[in-house]
Structures are given as structure tokens and as C-alpha cells.
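Novice: quick check, what structure comes out for this input:
(one chain, ligands or ions: 1)
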Amino acid sequence: MPVADRPAPKEYRRPESAVLHAGAELRTGPTAPVITPIFQTAAYELPGTATAAAIFDLTEDGHAYTRLNNPTCDVLEARIAAADGAPAALAVSSGQAATTIALLNLCRAGDNIVSSDELYGGTWNLLANTFARFGVETRFVSPADPKNFAAATDERTRCWFGETLPNPKLRIFPIEDVAGLAHQAGVPLVLDNTLLPMVCRPLEFGADVLVYSATKYIGGHGSALGGLIVDGGTFDWTRHAARHPLLTEPDPAHGGVVWTETGAGLGSALGRSPYLLKARETLLRDLGSCLSPFNAFLLIQGIETLPLRMRAHGENAAAVARFLAAHPAVASVRHPSLAGQEELLGRYLGGNGGPLVQFELTGGQPAGRRFIEALRLFAHVTNIGDVRSLATHPASTTHAQLPEADQLAAGVTPGSIRLSLGLEHADDLLEDLAQALERAR
Ligand code: PLP
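Specialist: Model (predicted):
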């Protein structure tokens, strides 16, 4: 059968296949490309006035303008949705844009969010300062006791938020316990799964919405920023209608539509998630933080090898954590593969402790600085998720703008060093660490 006539596979049960094939409907036509093409266009010629009106009225699928959707971005969305076992996803310009849109989609001034206090520094700032200036309050609680989330919740709470593996605290989030309490309270659990794509599938354990910085592991090459929001499609907005009026009451931001009653006529993923349909058609439309099709193409190149890379990152991180834990110049090491988190490591992460290691030298901050400067193979970079190994000092970089108490809550001590383990040979990494530890003494 010629490629052009071959039906596109519709269903992928296993994530390893989904990241290679989902969205392959584009591989049709007389010159069917194997690789997803880049639709490098701002706008699309509309098929006719009636169809154009139907697209804008959300009764028909289609593309009008790349700020709202784009066929290359559609493929990336299909891949992450299939990988997470979700009906729909939304691609945006960065991880920060993903968190902003995912949460503001549920909140207006006067509402509040209950969030874990174990967060990436940029997210802490977004919630504690920028959202607060919009009139959306965030109540930070420790996830060590899931009941803390319920205790901080009131009638204006719209969602709970956390990170599956907080960067850089590396303490696994108690997903099922918190999700169970969230659903009793009538709020969705939104989790940032940036550190663990394909390793942890939080929707299976009760999380409702996921956000990703695709800049990190999904891309893997460190060459493009991007963000993704994934809707598990399981949260019952209408059952908790009074708590979620933005989804269940007429929305003046889109001609008075009720999002939970809209999109049923759409055959695409757009119709399977009222939550993401609203996010795309109001916030993405208004804030304009859309993913460029070129970056979507680069991120698709990355996501295809994600399962293999996540396995290798986890193995290298575990080897480095074991090495550091046995080294006399190291005061403490954090990695989920070390003693203490066995139960959640097995239950949620399939035994893969993830790609990051945090540690502290016995010589404190001065030794930490000497150590970073002595590294040869590791690059000194405030990023994670590259195929190359990276090292950084969070207290003076990623978390520098947090007050000290909030730095400590997030797991950042003055002398701690964060390693993002790449795909080099483990022995080369250990040799570089050994020589840098020696020179940092
Ligand atoms: N979430 C986590 C856990 C991160 O580590 C980061 C960035 O470092 C972000 C979100 C923000 O992502 P981006 O830099 O793509 O905006």
C-alpha cells in the first residue's frame, strides 16, 4: 500500500511508541515526509467564509493563525498527550508560560492556589510575586504532610500545585495522597513533571493536569525553549461547578460560551478538553505566549528519544550519587535512589531516581565555588536536562531571588551544588568529579 494511502495509526498503548508516532496523520500526501515538517507560517488560507466562521465559533477544527495553533505544534501536543495517556495537550513558548497559563486558566483576582513550598525558584517567584500582583494569592505548604494542602484550602481555592520531583529538593511528591484530598475538596491537582517525563506518569496516580518545561528533558539538546500543559481529562468541573465558574459559567472572553458545554463537535484533541480549549482560545490568544513551529520541530526531535535518554540520565545520576555519598569531602547527598525514599521510588518512578543530584561539601560554600571552577567535563550552566552534564550553585543563581527561609524550604542551602547528569560515560563523570573534589579541598 502506498504510504499516502496507509491509514495513520490512531492508538498507541505504550509511551515508547507514542513519542515516535502520535500525530503522524501529517505523513500523508504524494511526498509523505517521514519527519514532521515545519509549518513555518503565521496564518493559513481559510477554506471559505462558512468554515472560517465555524473555526472561530469552535464548531469545526482548523487553523487560522499560529498564535492559536499550528500543525507542527499539534504533533508535539499529540506526542506528549499520548506519552502521558491523556486526551489533550497544549504547547506554549516556555515552561514558565505553561505554569502561568495552566494556573491562571482556573483563577481570577480574589482566588487562591495552595502550592507545595518545594519549587523551582522561577515558579516560586511567579506565584509569590507576579500572581500576587494580579490579585491571585498562593498559600505555600510543605508536601511532607498531604493534609497541609487541605488545611490551607478555603472556598476561593481553585487548584493545588506541586512538582513531582522538586528541583532541587528531590523529595518525591506524595501524588496519590494529595490527589485524593484534592478531589474531596473539589480542586484539581496540577503537577510540574519537568524532571520526570516518561519516568513518572502522574495522571495514573490521580493528578489532573501536568505542566512541563519542554526546554529540559523533552528537548534534551538544550537548543530550544518550550512548554507543555497536559490535561488528564478526568477532573469533573461540572460536579464542582460553584468552585470553577470560569469553566462552568458563560465566559465573556469568548462570546459567552460555557467551556464545559463547548467543543463537543470538534473531532480533534481540542474537543476533548474544555480546560485546554479555554486555555488556548482565551489565555494563549490574549497573552500570545505561543510556541514557534521551528522550536516545536526541535522539541519533536528530542521527544522521540526521550525514553532511552531518561533511563541513561537516571543510571548516571544514581552512579554519581553513590560515588559522592562515599566521598570524605562530601557532607550530604540527595538523590531518590539513596536510602529513604524506596517506597515512592518504586511506586511512582519505577525505580529510576531521575536525572539530578544535589550535594554539599564539608568545606561549605567556599569549597563549593572552588569545586565548580575545577570541573572540566561538567559545564557550569544554570540549566538542567541537557544531554551534557551541568553543574550549578542554586543559592547564587536559580534561587538567588528567594528570601533565605524560602530557599531553605525549597532545599537550597548556601553551599549546595546541583548536578544535572548527562549522557557521558559514567566513568568520565566520576573521574571529573574526583579531580574537582581533590582541587576544591
Ligand atoms: N519547572 C521546572 C521544574 C524548571 O526547572 C524550570 C526551569 O528551569 C521551569 C519550570 C521553567 O521552564 P522554562 O525555563 O522553560 O520557562
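
Novice: going forward, measure contacts and count neighbours with C-alpha atoms only.
Specialist: Fine.

Novice: quick check: pLDDT value at the residue in the chain positioned nearest to the ligand.
Specialist: Closest contact between the chain and the ligand, by C-alpha to the nearest ligand atom, is at Gly95 (3.4 Å). For Gly95, the pLDDT comes out at 98.

Novice: again with Met1
Specialist: 34.

Novice: what does the residue of the chain closest to the ligand show for phi and psi?
Specialist: Phi and psi for Gly95, reported as degrees, to the nearest 10, are phi -60, psi -40.

Novice: and it, what does it touch?
Specialist: By C-alpha atoms under 8 Å, 6 or more residues apart in numbering, the residues touching Gly95 are Val211, Tyr212, Ser213, Ala214, Thr215, Leu225, Gly226, Gly227, Leu228.

Novice: list the beta-bridge partners for the closest residue to it other than its chain neighbours.
Specialist: With sequence-adjacent residues excluded and distances taken as C-alpha to C-alpha, 6 or more residues apart in numbering, Gly95 is closest to Ser213, at 3.6 Å. For Ser213, the beta-bridge partners under DSSP bridges are Gly227.

Novice: list the contacts of Ser213.
Specialist: Ser213 makes contact with Ser94, Gly95, Gln96, Ala98, Thr194, Leu225, Gly226, Gly227, Leu228, according to C-alpha under 8 Å, 6+ apart.

Novice: ok, now how distant is it from Thr51?
Specialist: Going from Ser213 to Thr51 by C-alpha to C-alpha, to the nearest Å gives 35 Å.

Novice: still on that earlier bit, what is the most widely separated pair among the contacts of Ser213?
Specialist: Largest separation among the contacts of Ser213 by C-alpha to C-alpha: Thr194 and Leu225, giving 12.7 Å.

Novice: with neighbour numbers in mind, choose between those two.
Specialist: Thr194 (25 against 21; other C-alpha atoms under 10 Å).

Novice: format the contacts of Ser213 as TSV; extra columns: distance to Ala312.
Specialist: Shown next, in TSV, are the contacts of Ser213 (distance: C-alpha to C-alpha, whole Å):
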residue	distance to Ala312
Ser94	25
Gly95	23
Gln96	26
Ala98	27
Thr194	16
Leu225	22
Gly226	23
Gly227	23
Leu228	23
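
Novice: looking at those residues, which is nearest Ser332?
Specialist: Taking C-alpha to C-alpha as the measure, Ser332 lies nearest Thr194 of those, at 24.4 Å.

Novice: and the closest one, which of the three is it?
Specialist: coil (DSSP: H, G, I helix; E, B strand; the rest coil).

Novice: and the pLDDT for it?
Specialist: 98.

Novice: contact partners for the residue lying closest to it once chain neighbours are set aside?
Specialist: Leaving aside its sequence neighbours, Thr194 sits nearest to Tyr212 (C-alpha to C-alpha, 6+ apart; 4.6 Å). Contact analysis of Tyr212 by C-alpha under 8 Å, 6+ apart lists Gly95, Ala98, Asp192, Asn193, Thr194, Gly227, Leu228, Ile229.

Novice: tell me where the stretch 101-250 of the chain has helices.
Specialist: Listed from the start of the chain, the stretch 101-250 of the chain has helices (DSSP state H, counting those that start in this stretch) covering 121-125, 132-133, 147-151, 175-185, 245-248.

Novice: need those in JSON lines with mean neighbour count, distance to Ser273 and mean pLDDT, can you?
Specialist: JSON lines is the format used below for these (neighbours: other C-alpha atoms under 10 Å; distance: least, C-alpha to C-alpha, whole Å; pLDDT from 0 to 100):
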{"stretch": "helix 121-125", "mean neighbour count": "18", "distance to Ser273": "25", "mean pLDDT": "94"}
{"stretch": "helix 132-133", "mean neighbour count": "14", "distance to Ser273": "28", "mean pLDDT": "98"}
{"stretch": "helix 147-151", "mean neighbour count": "16", "distance to Ser273": "26", "mean pLDDT": "98"}
{"stretch": "helix 175-185", "mean neighbour count": "19", "distance to Ser273": "18", "mean pLDDT": "98"}
{"stretch": "helix 245-248", "mean neighbour count": "20", "distance to Ser273": "11", "mean pLDDT": "98"}
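
Novice: as JSON lines, these with distance to the ligand would be great.
Specialist: Formatted as JSON lines, the helices of the stretch 101-250 of the chain follow (distance: least, C-alpha to the nearest ligand atom, whole Å):
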{"stretch": "helix 121-125", "distance to the ligand": "6"}
{"stretch": "helix 132-133", "distance to the ligand": "19"}
{"stretch": "helix 147-151", "distance to the ligand": "20"}
{"stretch": "helix 175-185", "distance to the ligand": "16"}
{"stretch": "helix 245-248", "distance to the ligand": "25"}
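
Novice: just after the lowest-mean-pLDDT helix or strand in the chain, pick out the following helix or strand.
Specialist: Every helix and strand of the chain was ranked by mean pLDDT, DSSP states H and E. The lowest is helix 404-409, at a mean of 84. Next in sequence after helix 404-409, counting helices and strands by DSSP states H and E, comes strand 416-420.

Novice: what residues does the following helix or strand past that following strand touch?
Specialist: Downstream of strand 416-420, the next assigned helix or strand under DSSP H and E is helix 426-440. For helix 426-440, the surrounding residues in contact (C-alpha under 8 Å, 6+ apart) are 316, 319-320, 323, 329, 367-368, 370-372, 374-378.

Novice: swap in 10 Å and give it another go.
Specialist: With contact meaning C-alpha atoms under 10 Å, 6 or more residues apart in numbering, helix 426-440 is reached by 312-313, 315-320, 323-324, 327-330, 361, 363, 366-378, 389, 421-423.

Novice: how about that helix: buried residues?
Specialist: Neighbour-count burial for helix 426-440, counted by 16 or more other C-alpha atoms under 10 Å, picks out Ala426, Leu429, Leu430, Asp432, Leu433, Ala434, Ala436, Leu437, Ala440.
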